[in-house]
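Novice: got a sequence here, can you model it:
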Amino acid sequence: MAMSVGTASGAVMCDINTTPLIDVMLVLLVTLIVSLPIMTHAVKLDMPQNNNPPPPDQRPEVIDLEIDFDGTVVWNGTVVQNLGQLEGYFNEEAKKDVQPEIHLRPDRRAKYDYVAKVLASAQRNRMKKIGFVNTSEFHD
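Specialist: The predicted structure follows:
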């Protein structure tokens, strides 16, 4: 590249510097080339038809399941004798058309092992709607 620093007589050079202009044009050209293929891809969605009415608002049955600090499990106010009986309850409820919601309320002093066994039993019996309730007392 040749560079002119002026004339011997000290005249000022009045040429425009085109290097930044060329740099900006190249960046814009590359951006255009990269973005064009992205804009041409279309995503096809199969939208549901409006001719199907929404299902009736049917609230599921709620089962309150409490776990005491010593591992005692209470099913809707009735003490469960052992995990086999609890599994029988879960198996019965899982067969219903509208599966009930399990509201699990463990005592804050209950060992994790007790809660994990109850959750594992519910999972083995295909219970899908399980939630912890009243957990605000666990946050000090």
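Novice: any regions of this structure where pLDDT drops low?
Specialist: 1-9, 38-43, 52-56, 135-140 (pLDDT under 70).
Novice: grab the longest helix from the chain for me.
Specialist: When the chain is parsed with DSSP state H, its longest helix is helix 19-40.
Novice: chain center to that helix: distance?
Specialist: Centroid displacement of helix 19-40 relative to its chain, using Cα atoms, centre = their mean, to the nearest Å, is 36 Å.
Novice: ok, stretch 61-77 next?
Specialist: 28 Å.
Novice: same thing with stretch 18-34?
Specialist: 40 Å.
Novice: all helices of this protein, in order?
Specialist: Per DSSP H, the chain carries helices over the ranges 19-40, 83-94, 112-124.
Novice: give me the distance between Lys128 and Pro100.
Specialist: To Pro100, Lys128 is 10 Å away according to Cβ to Cβ, to the nearest Å. For glycine as for every other residue, the C-beta is placed from the backbone atoms N, C-alpha and C.
Novice: how near is the closest residue to Arg124 other than its chain neighbours to Ala122?
Specialist: Nearest residue to Arg124, sequence neighbours excluded (Cβ to Cβ, 6 or more residues apart in numbering): Glu87, at 7.2 Å. The gap separating Glu87 from Ala122 is 9 Å, by Cβ to Cβ.
Novice: the two: which is more packed in?
Specialist: Comparing Glu87 with Ala122 by other Cβ atoms under 10 Å, the one with more neighbours is Ala122, at 22 against 16.
Novice: I'd say the more buried one and Ile102 touch.
Specialist: Yes - the criterion here is Cβ atoms under 8 Å, and Ala122 meets it with Ile102 at 6.3 Å.
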